[in-house]
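fold the following and give me the result.
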Amino acid sequence: MSRLLSVGKRTFSALRVPNFRRYYIGQAISLVGTWMQSVAQSWLVYVLTHSATDLGLAVAVQTIPVLVLGPYGGVIADRVDKRRLMLVLQAAMGVQALALGILTVLGAVRFWEILVLALILGINNTFENPARQAFVLEMVGPDEVRNAVSLNSTLLNAARAIGPAVAGILIATVGDGICFLLNAVSFVAVVFSLATMDPKLLQPSPPAGRAKGQVREGFRYVAHAPRLAVPLVMMAIVGTLAYEFQVVLPVLAKSTFHGGAEAYGFMTAAMGIGAVLGGLVTAARGKTGLRPFTVAAGGFALAIAIAAVSPVLSIELVGLAVVGYASVSFLAIGNTTLQLEADPSMRGRVMSLWAVAFLGTTPIGGPLLGWIIAVSSGRVGLGVGAVSCAVAAAIGVGALWRSSEHRAQRTVKPTSPPGVSAVLTTEVTKA
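Down below sits the predicted model:
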């Protein structure tokens, strides 16, 4: 019993921080609404256009601002009070959801209107994402950041389990618009949590100040730090082709397994259930660094490959649960590794590049994967994602090998006396 309590305290240790606990509760409510909107929007686009390519376009438009403006969003996050910036942007996201809900309920929504509102949401996310990512460390400090990031990932995917299932039921009974309206209401919770935090308990990073060339400075900083650059390259590859589930799953549900909105909702929920378990395991036992990140990429590749070949819906749901587990492990390990490795004054810019690699690649991957699915099938779309994860894992293995070889060369000095080189080489190999 005492061991179980110890594991529980370790798993949820970041929630002992009052500000993070308050924020976590607000996010729990808001994220359910966010996933409801995500599922409802994808389904609405597919019903209006009957086109996987248009579905990919809608997802791409929402993430184009992250690709184009993402690095500048990181500069802003490094300059300003992150909590106040998030307050304004979270409220704006609620207004966007309200507008989409009203249009849909009135039966006046058109595809181009969805694209415009998706673009507005994307611009908002461009500045909110790096601020939110970097703000976690300010709430909990460096000792709890890995646990906090893992718990956030768990929460995100718990919402993925609940929100899509609720959205599927609501779409089938009262329509898409209600999902958007409920999401608008849910933003009240997160805005309230941010507004009522105790600023004295925060650990803010020193502001970067205003100066020319800060975006270029961020790129140079990452380019000269392989411990940051390699995970970002890996994430960019995986983000482009593997994290396009909004494009793949509706087609799998409707065309491959001949289901409706309920099937789509439960497929997304299955991923969320697996991700909750993955997030809790990572929170309790997860590690950081390139080696665990590379292992997670390999596991992600295997999980998606299993889902790609599942013959019936029941087995597919199990496969997607495994995908969810692997997905959250990959994200949490990579996110935490970058936060801990980055200099505090550069953290916003580094995390903005993480957002570009994760979300900003969607304008490329979304339409590309939509086209691939249109000329082949949803299964092939998943297969492409599995291959991208395998390529990322191979890059990680290569970087680890080069790093190990470099350490060995530094350890074995040419001026060593006879016999010392062999001893040192043996010790390096054993280590």
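
rest of the way, CA atoms for contacts and neighbours
OK.

now stretch 274-286: buried residues?
Using 16 or more other C-alpha atoms under 10 Å as the test for burial, stretch 274-286 gives 274, 275, 276, 277, 278, 279, 280, 281, 282, 283, 284, 286.

roughly how far is it from the heart of the chain?
15 Å (C-alpha atoms, centre = their mean, to the nearest Å).

state the mean pLDDT of it.
Mean pLDDT, stretch 274-286: 77.

just give me the closest of the buried residues of stretch 274-286 to residue 244.
residue 275 (16.0 Å; C-alpha to C-alpha).

tell me who's in contact with the closest one.
153-154, 157-158, 321-329 (C-alpha atoms under 8 Å, 6 or more residues apart in numbering).

out of those residues, who has the most neighbours?
residue 329 (33 neighbours; other C-alpha atoms under 10 Å).

just the element for it, please.
Of the helices and strands defined by DSSP states H and E, residue 329 is found in helix 313-341.

pLDDT wise, what is residue 175 at?
Residue 175 is given a pLDDT of 86.

just to revisit the earlier point, what's the closest of the buried residues of stretch 274-286 to residue 18?
For the buried residues of stretch 274-286, the nearest to residue 18 is residue 283 (18.2 Å; C-alpha to C-alpha).

about what we covered before: which one in the contacts of residue 275 is the model shakiest on?
Among the contacts of residue 275, residue 157 has the lowest pLDDT, at 66.

where does the stretch 201-350 of the chain dip in pLDDT?
286 (pLDDT under 70).

re the thing from before, ok, the contacts of residue 275 vs residue 375, which is closest?
Looking across the contacts of residue 275 and measuring by C-alpha to C-alpha, the closest to residue 375 is residue 323, at 24.2 Å.

how many neighbours does the closest residue to that closest one other than its chain neighbours have?
For residue 323, ignoring the flanking residues on the chain, the nearest one in space by C-alpha to C-alpha, 6 or more residues apart in numbering is residue 303 at 5.0 Å. Counted by other C-alpha under 10 Å, the residues lying close to residue 303 total 22.

gap between residue 303 and residue 216?
37 Å (C-alpha to C-alpha, to the nearest Å).

still on that earlier bit, you'd agree the residue nearest to residue 323 is up against residue 318?
No - between residue 303 and residue 318 no contact is recorded; they are 10.3 Å apart, counting by C-alpha atoms under 8 Å.

the stretch 51-200 of the chain: strands as residue ranges?
Read by DSSP state E, counting those that start in this stretch, the stretch 51-200 of the chain holds no strands at all.

just give me the longest helix of this structure.
helix 378-411 (DSSP state H).
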